[in-house]
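Engineer: Need a 3D model of the sequence below.
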Amino acid sequence: MRLNRGLRVVVCGLWVACSGCTALREIPRGTYAALPEREHVRVVTRDGLIYEFDYARFGADSLVGFRRRDVESRAEEYAAFGLPLDQIAQLSTRGIDWTRTGLVGGGVLLVVLVAAFRNNNNQSGSSESPGGSRPPPG
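Structural biologist: Alright, predicted model coming up:
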């Protein structure tokens with residue numbers, strides 16, 4: 001039973017640590033086309049419109065964003081939308097924030113260690129049974 005409980009705690013901790021915390025990171029204007037393709041892109045235009053793409057391809061003066069369509073088909077379908085780079089006010093990409101992920105993973109590890117320490121102290125604390133001793137036969 002204890003192995004099963006410990007295994008569940010470890011799996012839960014790994015799931016939380018691996019899922020990680022994501023954050024939007026703004027890309028400086030001069031490096032928009034530094035990479036030919038970026039994933040999880042969020043674009044804010046000068047008109048105030050917001051577009052979120054699964055991935056975007058960058059050219060010398062334009063961006064083409066692709067968003068997956070939810071259709072009942074065997075092949076994945078993507079919708080494409082093009083924007084000139086001079087119409088973009090802000091460009092951000094979503095990625096794992098390793099600082100937050102480390103804090104969450106460290107918190108989970110701390111909780112597991114404290115629980116193991118308390119469990120170890122409870123088991124080695126006394127050698128008597130919880131019911132006490134038996135009275136002498138008489």
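Engineer: Just say helix, strand or coil for residue 109.
Structural biologist: Secondary structure state of residue 109, per DSSP: H, G, I helix; E, B strand; the rest coil, is helix.
Engineer: gap between it and residue 10?
Structural biologist: Distance, residue 109 to residue 10, by Cβ to Cβ, to the nearest Å: 10 Å. To be clear about C-beta, it is placed using only N, CA and C from the backbone, and glycine gets the same treatment.
Engineer: Domain map for this structure?
Structural biologist: 1-21+97-118, 23-95 (automatic domain parsing).
Engineer: Quick one: distance of the longest one to the chain centre.
Structural biologist: Meaning domain 23-95. 21 Å (Cα atoms, centre = their mean, to the nearest Å).
Engineer: Stretch 105-122 too?
Structural biologist: The answer for stretch 105-122 is 23 Å, by Cα atoms, centre = their mean.
Engineer: Mind listing what's buried along it?
Structural biologist: Residues 105, 108 are the ones in stretch 105-122 that count as buried (16 or more other Cβ atoms under 10 Å).
Engineer: Using PDB, write down the CA coordinates of that stretch.
Structural biologist: Extracted C-alpha coordinates of stretch 105-122, given in PDB (Å, rounded to 0.1, in the frame of the first residue of the first chain):
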ATOM      1  CA  GLY A 105       9.200  21.500  -8.800                       C
ATOM      2  CA  GLY A 106      11.200  22.600  -5.700                       C
ATOM      3  CA  GLY A 107       8.000  23.100  -3.700                       C
ATOM      4  CA  VAL A 108       6.700  19.600  -4.700                       C
ATOM      5  CA  LEU A 109      10.100  18.100  -3.800                       C
ATOM      6  CA  LEU A 110      10.000  19.900  -0.400                       C
ATOM      7  CA  VAL A 111       6.500  18.600   0.400                       C
ATOM      8  CA  VAL A 112       7.600  15.000  -0.500                       C
ATOM      9  CA  LEU A 113      10.700  15.300   1.600                       C
ATOM     10  CA  VAL A 114       8.800  16.700   4.600                       C
ATOM     11  CA  ALA A 115       6.200  13.900   4.300                       C
ATOM     12  CA  ALA A 116       8.900  11.200   4.100                       C
ATOM     13  CA  PHE A 117      10.700  12.700   7.100                       C
ATOM     14  CA  ARG A 118       7.500  12.800   9.200                       C
ATOM     15  CA  ASN A 119       6.600   9.300   8.200                       C
ATOM     16  CA  ASN A 120      10.100   8.100   9.100                       C
ATOM     17  CA  ASN A 121       9.900   9.700  12.500                       C
ATOM     18  CA  ASN A 122       6.500   8.200  13.200                       C
END
